[in-house]
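J.: just need the structure, nothing else, for what follows:
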Amino acid sequence: MDTARAEQREGVAAADETALELLVHGVGGTTPQEMLDDPSTVRVSGDGTAAVFRRGEDVDAEERPEDYRGKPVPEAYVWCNLTSGNGSRALWLLLLPFMVVNLAHWMRPNARRRSRNVRLYGLLVRIAGLTLTVLFVAGACEVALDLTAWQCAGTPACAARRTWLGFLADGWWSQPGRRLALAALVPTALTVLLWYLSHRTWSAYESQRPLTHRPDPDGADGSASNALARPGFWYGRRLVSRLRAAHTAAGMLTVAAAVGTPAARYDRQAGGPALLDTLGWILVGALIASTLAVIGVVVRRGRSENKLDLALDHVLVRVLPHGTLVLLALTMLYAGWSRPHWHSSGRLPGDMMFGGIVLAQVALVVALAVVAKAIYRTAVDRRTALRGLGGPATAMLACGLGGVMTGGIAQRVADWLDGTTGLITGPPVLLSWQASVIPPLLVVLAVVCAVFAVRTARRKKAETVQVVADYHLDEHAEAVGERPDPARTSRIASTRARAALTDQAPVIIGVVSSVSLLLGALAVAGAWATGKVPGAAAEGTFPLLEGAADTAQALGSWLIGAGFILFVTWGRRAYKDPSARRTIGILWDVGTFWPRAAHPFAPPCYAERAVPDLTWRMVTWTRTTGGRLILSGHSQGSVLAAAAAWQLPPSVRRRVGLLTYGSPLERLYGRWFPAQFGPSALTTLHRQVDCWRNLHRRTDPIGGPIDLPGECGPQVDHTALLDPLAYGRTEEHPLPAPILGHSDYQADPVFAEERARLLARLRHGVPAQGSSGRSST
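T.: Numbering: from 1, shown residues only. Model (predicted):
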């Protein structure tokens, strides 16, 4: 028995010596072979979408702890297929406005405590997201119902040029109401497609149940605990299902309004059929009541984060979309009723609809800015992007993107149907005004870029001096009698200066969103005041103004169409070409990191799969082995690592060391998402994990220091690593060392040194299972 106990004690001691390094890659993706630096890797857990890999020789490492004394067992979590996958996922880029408005929800400034303004902020963003859905479906109605069925099919000369429209010009389908009812199938199909994509990804992503744990207690001052540590943060299944039902219903109601309104207007004319007039009023009343119900669903309930909300509103998510679908079918039947004397002319009354959507979006953005500023004043942080106005600015960009995409499609379809013949009236005047504001917006953007180019040139000069000091080039020149290479110095300084441009992104976004808000309001005013396109409205004024209006209208029309085509083409290329994918990878991975809290048709949140994967792996491994664990994250992987650490039970969180490198935790997330990654949140994380070290370079355009206040800063941040590792040829680097920037941090010897220090810290300071203690720093 004594021998058995001795062997058991030896086994426990050996297990305590076991260490695991869980590697999490960053944007753009990679392979497990590259992460583990071994051609032979084995998947130990997971599936083809996201999985944990080890080297073949490390599969049974826990059974051989004596072989891993003084070094960790490397393990790679590969999640790149959650955001890249096959090329068809490039179509997600068509949902970019929905993704951007969802980002605005999470850009709320940090609040000292929960308040009505915090709830009002989320409500306003959700309503803004609803207007984007209505705008997209209204754009599809403009193309299918107005331009195609109403204008072209109702004009014999235009229908003759498009033979596939011939059956709509003669016979039973020739009546305008029937043409509109048939064309309504196109925006209805678009709405159903959006519902299907959201439901399919909801089943795959939002259905991943996180690890159950108790929420962290609120602070002693009444401040709320970090949302990322709450059990239900990464489980938005119920909210997404409710929003999906509401947005699907809103799409159906938009189509029903586009079909039924022209027929009801015709029936109200003197001498019209009394029965149809009455039915028209009944349908209008039903549309209004259904719209209020949809708004009520969006307004009534936000996210449930303090617990795993396993309930689903089955009645609501079925009745609302199905009820509006039945209402749409009745509206199509009403519009298709025989009206022999009804003929289509001009365009459908789309200016009022699009103008109302734009005005609603402008009002929502202004209200959101007021609320965000009020929240920001409760907990001022100068590092927050745009002094708390990052969310409203981003919401404005989402609305602008939605207008550009819908207007671009309408303009290109009108040109395709009519060309330059002038047979049809064309899209609503407001869309031409919106296209005309693009050239002046680009001029403003060009001026801003020119200013930053000058600043970058000045910064390069300062960096040139700094490079000489960092590499001690003056001392080297005196020792060996060799002058520094000006070209080499210039390349390093230029890379550093360009990397610093990331910190100027708030200024660019602030200027673009502010100018967009102003120009958007002016476009609505010009369209409603004149009822003409900009070129026609400027006729008879000053020659310079006439020329500018004509140029802006023509150039804007082509830019909006060409930009949309380029956008789609670039998106498709992004998932075929690794270099292109890496270029936009950081923006895409940031956008789809957050749960769908404001828009259910946004691309799915990959973190709702990745964070539970990581937490389950860490908890089960530490409980099984009792060993030490280093969570090692690069770039976006460091954000996933931090989010996963917050989701760990406190007893496990205290057994984890965090190693981040090339991390955007403060430089991007801390400034744009201060409520979740602000200084107080990151300081709390530093105190709750056993130890944390962060590596960064001045040549890195994405990663940076964590910059925690007080004594926590030096404890976390290593001084900026030199990049390149050597300025010239040395014994360690006989060939010129490359400028690595954001990649290959493991190539720096400091990486191995810091990892060894973390392991040593964990070996001597890690508490026993169930202990509430914590080692000192």
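J.: measure the residue nearest to V533 when sequence neighbours are not counted to T155 for me?
T.: Ranked by CB to CB, 6 or more residues apart in numbering and with sequence neighbours excluded, the top spatial neighbour of V533 is S432, at 4.3 Å. No exception for glycine: its C-beta is placed from N, CA and C like everyone else's. According to CB to CB, to the nearest Å, S432 and T155 sit 20 Å apart.
J.: looking at those two, which one has more neighbours?
T.: A count of neighbours by other CB atoms under 10 Å puts S432 above the other of S432 and T155, at 28 against 20.
J.: name the element that one belongs to?
T.: S432 belongs to helix 429-436 when assigned by DSSP states H and E.
J.: who are the packing partners of that helix?
T.: Counting contacts by 3 or more CB pairs under 8 Å, 6 or more residues apart in numbering; DSSP states H and E, helix 429-436 packs against helix 350-378, helix 390-418, helix 505-530, helix 534-537, helix 543-574.
J.: switch to 6 Å and redo it
T.: Here helix 429-436 touches helix 350-378, helix 390-418, helix 505-530, helix 543-574, going by 3 or more CB pairs under 6 Å, 6 or more residues apart in numbering; DSSP states H and E.
J.: and the shortest one, how far out from the chain middle?
T.: Think helix 505-530. 22 Å (CA atoms, centre = their mean, to the nearest Å).
J.: quick one: buried residues of that helix?
T.: 506, 509-517, 519-520, 523-524, 526-527 (16 or more other CB atoms under 10 Å).
J.: returning to that earlier point: check what pLDDT the residue nearest to V533 gets.
T.: Per-residue confidence (pLDDT) for S432: 86.
J.: how near is it to A554?
T.: Counting by CB to CB - S432 and A554 are separated by 10 Å.
J.: could you dump the helices and strands packed on helix 429-436 to JSON lines with distance to N117 and mean pLDDT?
T.: Output for those, formatted as JSON lines (distance: least, CB to CB, whole Å; pLDDT from 0 to 100):
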{"stretch": "helix 350-378", "distance to N117": "5", "mean pLDDT": "91"}
{"stretch": "helix 390-418", "distance to N117": "12", "mean pLDDT": "89"}
{"stretch": "helix 505-530", "distance to N117": "21", "mean pLDDT": "92"}
{"stretch": "helix 543-574", "distance to N117": "35", "mean pLDDT": "78"}
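J.: can you put those helices in TSV and add distance to E75?
T.: Converted to TSV, the helices and strands packed on helix 429-436 look like this (distance: least, CB to CB, whole Å):
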stretch	distance to E75
helix 350-378	41
helix 390-418	36
helix 505-530	34
helix 543-574	29
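J.: quick one, which of the ones you listed gets closest to L168.
T.: Among the helices and strands packed on helix 429-436, the nearest to L168 by CB to CB is helix 390-418 (12.7 Å).
J.: by contact count, what packs against the closest one?
T.: Going by 3+ CB pairs under 6 Å, 6+ apart, helix 390-418 lies up against helix 96-106, helix 116-141, helix 350-378, helix 429-436, helix 505-530, helix 543-574.
J.: so which of the ones you listed is the most surrounded?
T.: A comparison of these by mean neighbour count, using mean count of other CB atoms under 10 Å, puts helix 429-436 on top with a mean of 27.
J.: contacts for the helix holding S432?
T.: 351, 354-355, 403, 407, 410, 523, 526-527, 533-534, 552-553, 556-557, 560 (CB atoms under 6 Å, 6 or more residues apart in numbering).
J.: how far off helix 505-530 does that helix point, in degrees?
T.: With axes from the mean of the first three to the mean of the last three CA atoms, to 10 degrees defining the directions, helix 429-436 sits at 140 degrees from helix 505-530.
J.: to the chain's geometric centre, what's the distance from helix 429-436?
T.: 27 Å.
J.: burial count for G56?
T.: Here the number of neighbours of G56 (other CB under 10 Å) works out to 11.
J.: please apply the same query to D415.
T.: Residues near D415, counting by other CB under 10 Å: 15.
J.: please name the nearest non-neighbouring residue to it.
T.: G561 (7.5 Å).
J.: so the one you found touches I409, yeah?
T.: No - using CB atoms under 6 Å as the test, G561 is too far from I409 to be in contact (8.2 Å).
J.: element containing the residue nearest to V619 when sequence neighbours are not counted, please.
T.: Nearest non-adjacent residue to V619, counting by CB to CB, 6+ apart: V652, 5.5 Å away. Using DSSP H and E, V652 sits in helix 650-653.
J.: going by neighbour count, which residues of that helix are buried?
T.: So, applying 16+ other CB under 10 Å, buried residues of helix 650-653: 651-653.
J.: how about residues contacting that helix?
T.: 619, 622, 645, 688-689.
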